[in-house]
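Asker: Okay, sequence plus prediction incoming.
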Amino acid sequence: MKPVFTYYRWLVLLLVASFCLVPLWATVVGGFKSTGDLRTNALGLPRQWLVDNYISIVSTPRFWQMLWNSGVIAGFTVVLTLLVSSLAAYTLAHLRFAGRKWIASYLTLGLTFPFATAVLPVFIRVRDLGLLDTYWGVILPQVAFNLSFSIVLLRSFFAELPKELFEAAIMDGCSYPRIFLRITLPLSRPILATVGVLALVGSWNNFLLPLVTINDDAVYPWPLGIMQFQGQYSTDWGKVLAFVTLTMIPAITLYLMAQKQVIAGLTSGAVKG
Amino acid sequence: MPNPTLIEEASAKKLPQPRGSLSSGLRASYRSGSLTTLLLFLPPALVLFTLFVILPVGEASYFSFFNWNGYGHPNKWVDFENYLRVFGDPIFKQSLGNNGLVILVSACIQVPLALWVALLIADRSRSSIVFRAIFFIPYILADVVAGLIWRYLYDGDYGIVGTIYRWFGQDAPDVLAETGWATAALLLVVVWKYFGFHMALFIAGRQNVPYDVIESARIDGASRWNITRFIVLPLMRPVVVLSLFFSLLGSLQLFDLIIALTGGGPLNSSHSAVSYLYTFGIRRMRVGFGSAVGVVLFIICVLVMLFYKRIFMRESASSK
């Protein structure tokens, strides 16, 4: 590469990188600063590293309760999304039966509109089922709204698996449910990871649905908790920034550990068009 | 109910199809497990999907004709009054306008920026991989987190805006408390939060441009700029269309970020369609009114989808 291009490339990239990172940097160090320090020194290192903000948050059981709530909701959402959508996708990919096309396009109707358009009736449904202020009131609608896209992704992957495998298995007298467990699922790990990541991140960050269906702060997932915390301490930014930093840790850890799957999962809409 | 005479797709090609009576066909289906599969594997998805996705959308359009606070049964039929109120509300128009602004900024700033950066880091060098990882970080954060971070940065007394103004010896304006500025501030956060997503799409698109085409152009003496302008960009057109489509859809769902950053204020000037729906429909339990907003949003989404399909089909037809 020519040196001029190299300089230009580095200049642009470093500028954009600082645009991305400076806000995060200011947040992380902000949690260690006193109010006076925050006022006069937003960007630099803290003049004195205060850990009080972090410690006071980590030592409240409420904080851990919120993370636990989010974790349980996300865990069930991922497992159920994978289970329910792979079962349906498998049936639609490998069995021929009357109404198959009809059912397949029915299940993809969900791609057309976002959750927000139906939020009020979903709230009323959840309430009438007696699921307000429970994990299930968040999990079930989340799984339902994940289904369309997950089924589209899984079905096209299942359909592209080598046909010879199925033929051989059927010749050997292997039943469809066994084929699903022994052949399809093990071969589909990459796409299952993609769908799983998508469901995980979506559930972990979800705000609107729990905002509507959860009122009891013992069941609050962390995005509701963080907004409540901010409302409580409003401009005591040191505390708020420490809280924000602590909640970023799980997301960034997961991202750094499984970067490839995370990016693939979150941009999977592009792959399938 | 689906027809129980099942034909196994995989075996259909090689094995002769049993042409027995209905009951022997059923027995064969049972033995291969295909009937069990059908009866056990599909219903969970169908039930959940119908209960929490399809029925609610239908109910939204039903509720939207009532004046209802959500308790008991809806019984005050009001014709189109909710819709008239939605369309007559200047705040709703402004909210939709803000959605439009987000799309505009996305198309004019975010997408070009993402494309530009993506072309600089689409190779497999170590520096590219590191930068790619960095640029994607804002996207993986929750919207509420992004909103709170920037709420701090914009705070005139603290944050970066305050610092910058103090460098020049001036008092910072409270960005989020002034109409107009609050919306502009929101747009910047949208660029910060989502440009990494578009960049990832473009990197994938750039890596799909066949290497030999570029190599042969290079051998023919084409400059880097000309290769980009005449080969790479035209081949990436479908990805650009896709990315614009995502910003359209994303804008129509924008909610968490607004609640965390501005709460829709000041004077309700920075709402999006969804935060409008939440603030004026859900928080006040005006189910009929909120459902009407939902239905309007739904119709917009369907129109966007149809529009996109048309464009995309034309794109893929012309590229063949």
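Answerer: Received it, and whenever you're ready, just let me know what you need. Residues are numbered from 1 along each chain as shown, chains lettered A, B, ... in the order given.

Asker: Model confidence for residue 93, exactly?
Answerer: Because you didn't say which chain, this covers chain A. Note on residue A:93: pLDDT of 91.

Asker: Hmm, no, I was thinking of chain B.
Answerer: Residue B:93 is given a pLDDT of 95.

Asker: what separates it from chain A, distance-wise?
Answerer: Computed with Cβ to the nearest Cβ, to the nearest Å, the distance linking residue B:93 and chain A is 18 Å. For glycine as for every other residue, the C-beta is placed from the backbone atoms N, C-alpha and C.

Asker: Excluding residues flanking it in the chain, which one is nearest that residue?
Answerer: residue B:87 (8.0 Å; Cβ to Cβ, 6 or more residues apart in numbering or on different chains).

Asker: And the one you found, which helix or strand is it part of?
Answerer: Using DSSP states H and E, residue B:87 falls within helix B:81-88.

Asker: if I pick the spatially most central residue of chain A, what's in contact with it?
Answerer: Nearest to the geometric centre of chain A sits residue A:201, at 1.0 Å (Cα atoms, centre = their mean). For residue A:201, the contact set (Cβ atoms under 8 Å, 6 or more residues apart in numbering or on different chains) comprises A:251, A:262, A:265-266, B:140.

Asker: Now for those: which two are most distant?
Answerer: Within those, A:251 and A:265 form the most distant pair, 13.2 Å apart (Cβ to Cβ).

Asker: quick one: which of those two has more around it?
Answerer: Neighbour totals were compared for residue A:251 and residue A:265, and residue A:265 leads with 21 against 18 (other Cβ atoms under 10 Å in any protein chain shown).

Asker: Make sure I have this right: that one is in a helix.
Answerer: Yes: according to DSSP: H, G, I helix; E, B strand; the rest coil, residue A:265 belongs to a helix.

Asker: list the contacts for the closest residue in space to it that isn't next to it in sequence?
Answerer: Among residues not flanking residue A:265 along the chain, residue A:197 sits closest, at 3.1 Å (Cβ to Cβ, 6+ apart). By Cβ under 8 Å, 6+ apart, the residues touching residue A:197 are A:258, A:261-262, A:264-266.

Asker: please redo it, this time with the cut-off set to 7 Å
Answerer: The contact partners of residue A:197, taken as Cβ atoms under 7 Å, 6 or more residues apart in numbering or on different chains, are A:261-262, A:265-266.

Asker: Would you mind giving the secondary structure of the closest residue to residue B:275 other than its chain neighbours?
Answerer: Leaving aside its sequence neighbours, residue B:275 sits nearest to residue B:258 (Cβ to Cβ, 6+ apart; 4.5 Å). Here residue B:258 is recorded as helix under three-state DSSP.

Asker: So what does residue A:55 look like in phi/psi?
Answerer: Dihedral pair for residue A:55: phi -60, psi -40, per degrees, to the nearest 10.

Asker: Around chain A, which positions in the stretch 101-250 of chain B sit nearby?
Answerer: By Cβ under 7 Å from any Cβ of the partner chain, the part of the stretch 101-250 of chain B that sits against chain A consists of B:117, B:120-121, B:131, B:133-145, B:148-150, B:152-153, B:157-160, B:162-163, B:192, B:197, B:200-201, B:204, B:224, B:242, B:246.

Asker: Cross those residues against strands and list the overlap.
Answerer: The strands, defined by DSSP state E, take in nothing from those.

Asker: Now do the helices in the stretch 151-273 of chain A.
Answerer: With helices called from DSSP state H, counting those that start in this stretch, the stretch 151-273 of chain A shows them at A:163-171, A:176-179, A:185-187, A:189-205, A:208-213, A:222-233, A:237-257, A:259-266, A:268-272.

Asker: any chance of these in TSV, plus mean pLDDT?
Answerer: Listed next are the helices of the stretch 151-273 of chain A as TSV, based on pLDDT from 0 to 100:
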stretch	mean pLDDT
helix A:163-171	86
helix A:176-179	88
helix A:185-187	93
helix A:189-205	92
helix A:208-213	94
helix A:222-233	92
helix A:237-257	92
helix A:259-266	83
helix A:268-272	56
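
Asker: Out of the ones you listed, which is closest to residue A:126?
Answerer: Among the helices of the stretch 151-273 of chain A, the nearest to residue A:126 by Cβ to Cβ is helix A:208-213 (5.0 Å).

Asker: Report whether the closest one contacts chain B.
Answerer: Yes: Helix A:208-213 is in contact with chain B by Cβ under 7 Å from any Cβ, via A:208, A:212.

Asker: Centre of the chain to that helix, how far?
Answerer: Remark: helix A:208-213 is offset 16 Å from the chain centroid, using Cα atoms, centre = their mean, to the nearest Å.

Asker: Next, see if the helix or strand hosting residue A:36 gets close to chain B.
Answerer: Element membership for residue A:36, per DSSP H and E: helix A:35-40. Yes: shown here: helix A:35-40 in contact with chain B (Cβ under 7 Å from any Cβ) through A:38-39.

Asker: Just the buried residues of that helix, please?
Answerer: A:37-39 (16 or more other Cβ atoms under 10 Å in any protein chain shown).

Asker: quick one: contacts of it?
Answerer: Residues outside helix A:35-40 that contact it (Cβ under 7 Å, 6+ apart) are A:30, A:46-47, A:237-238, B:157-158.

Asker: one step back: residue B:78 versus the residue nearest to residue B:93, what's the distance?
Answerer: Look at residue B:87 and residue B:78: by Cβ to Cβ, to the nearest Å, they are 15 Å apart.

Asker: more neighbours, those two?
Answerer: Legend: neighbour count by other Cβ under 10 Å for residue B:87 and residue B:78, higher for residue B:78 (18 against 13).

Asker: In terms of pLDDT, where does the more buried one sit?
Answerer: For residue B:78, pLDDT reads 87.

Asker: so it sits right up against residue B:63, yeah?
Answerer: No: contact between residue B:78 and residue B:63 fails when scored by Cβ atoms under 7 Å: they sit 10.9 Å apart.

Asker: which residues sit in contact with residue B:300?
Answerer: Residue B:300 makes contacts with residue B:252, as judged by Cβ under 7 Å, 6+ apart.
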